[in-house]
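Engineer: Sequence and predicted structure below; questions after.
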Amino acid sequence: MSQQKLACDEEVEAANKIFLEIQASRDAGITVKRREIVTLETLSRDITSSMRDMVHVKRVFLREFNTTTMIGKRRSRELVCIPFYIARYEKGGMKRYAVYPPALVEDMGILTKMKGALGAAKLKSVLQCRSRAITVFLNKLLTFIERNPVLEKDIIEAGIQASILLRKRLRVGIKKGLMELEKQNLISKSELQAFSKILYIYTDAASKYSLVH
């Protein structure tokens with residue numbers, strides 16, 4: 001009986017040891033899960049708070065945006081004015097046109113300065129078009145001018161009446177700009193004299209044009 005009791009006690013002790021290990025492992029797993037639950041609850045509160053803040057900021061922005069915008073009606077047609085220049089070059093009996101669409105003026109690099117006179121190629125090298133689509137559209141206008149003499153005549157007359165050289169303020173600004181270019185050795189003195197002569201011709205033409213009108 002003593003031996004049987006001792007064997008049973010050993011088996012009970014071994015079973016209790018396994019049970020205690022399982023219980024300890026379970027308690028450790030529960031602790032880890034509870035920590036994960038606390039972490040997820042904290043993150044959820046932070047995310048929810050951030051979402052509320054974003055919604056509030058959006059509502060404030062929409063409210064301010066609605067008070068600063070103008071309510072207008074959609075129109076089926078719009079009149080759009082595109083500022084651009086058309087230049088006509090003549091030499092003997094030959095002539096050609098060049099169009100200058102809306103552009104940004106860049107700094108004149110060393111290669112541009114070495115190209116010689118201030119011609120069309122040199123001028124376009126310092127201009128960067130603001131819209132390729134508009135540039136392509138305006139370049140097509142040159143083809144219509146060359147093929148349609150009536151359109152060419154109308155554009156020439158409109159160009160003479162709207163020439164920037166007929167305005168005294170612009171002529172003065174152009175003269176100052178040419179003198180600055182001459183100081184920087186971007187144009188020669190002979191070129192400055194040639195351009196100044198043209199400005200003088202337009203000065204006389206402007207006075208006659210104003211008397212006629």
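Structural biologist: Nice, I can see it. Numbering: from 1, shown residues only.

Engineer: Could you list every helix and strand that the helix or strand hosting residue 13 packs against?
Structural biologist: Taking DSSP states H and E as the criterion, residue 13 maps to helix 2-68. Applying 3 or more Cβ pairs under 8 Å, 6 or more residues apart in numbering; DSSP states H and E, one finds that helix 2-68 makes contact with no other helix or strand. No exception for glycine: its C-beta is placed from N, CA and C like everyone else's.

Engineer: and the helix or strand following that helix, which residues are buried?
Structural biologist: Following helix 2-68 in sequence order, the next helix or strand is strand 85-91 (DSSP H and E). If you call a residue buried by 16 or more other Cβ atoms under 10 Å, then strand 85-91 has these buried ones: residue 86.

Engineer: got the CA coordinates for strand 85-91 in CSV?
Structural biologist: Taking Å, rounded to 0.1, in the frame of the first residue of the first chain, the C-alpha atoms of strand 85-91 are listed here in CSV:
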residue,chain,number,x,y,z
TYR,A,85,2.9,89.3,-82.2
ILE,A,86,3.3,88.9,-86.0
ALA,A,87,6.5,90.2,-87.6
ARG,A,88,7.0,90.7,-91.4
TYR,A,89,10.5,90.6,-92.8
GLU,A,90,11.2,92.1,-96.2
LYS,A,91,14.4,92.0,-98.3
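
Engineer: Following that strand in sequence, what is the next regular element?
Structural biologist: The helix or strand immediately downstream of strand 85-91 is strand 94-100, counting by DSSP H and E.

Engineer: Strand partners (parallel or antiparallel) of that next one?
Structural biologist: strand 85-91 (antiparallel) (DSSP bridges).

Engineer: ok, residue 84 - contacts?
Structural biologist: 99, 100, 101, 102, 138 (Cβ atoms under 8 Å, 6 or more residues apart in numbering).

Engineer: Next, it: phi, psi?
Structural biologist: As for residue 84, its main-chain torsions (degrees, to the nearest 10) stand at phi -150, psi 170.

Engineer: likewise residue 199?
Structural biologist: phi -60, psi -40.
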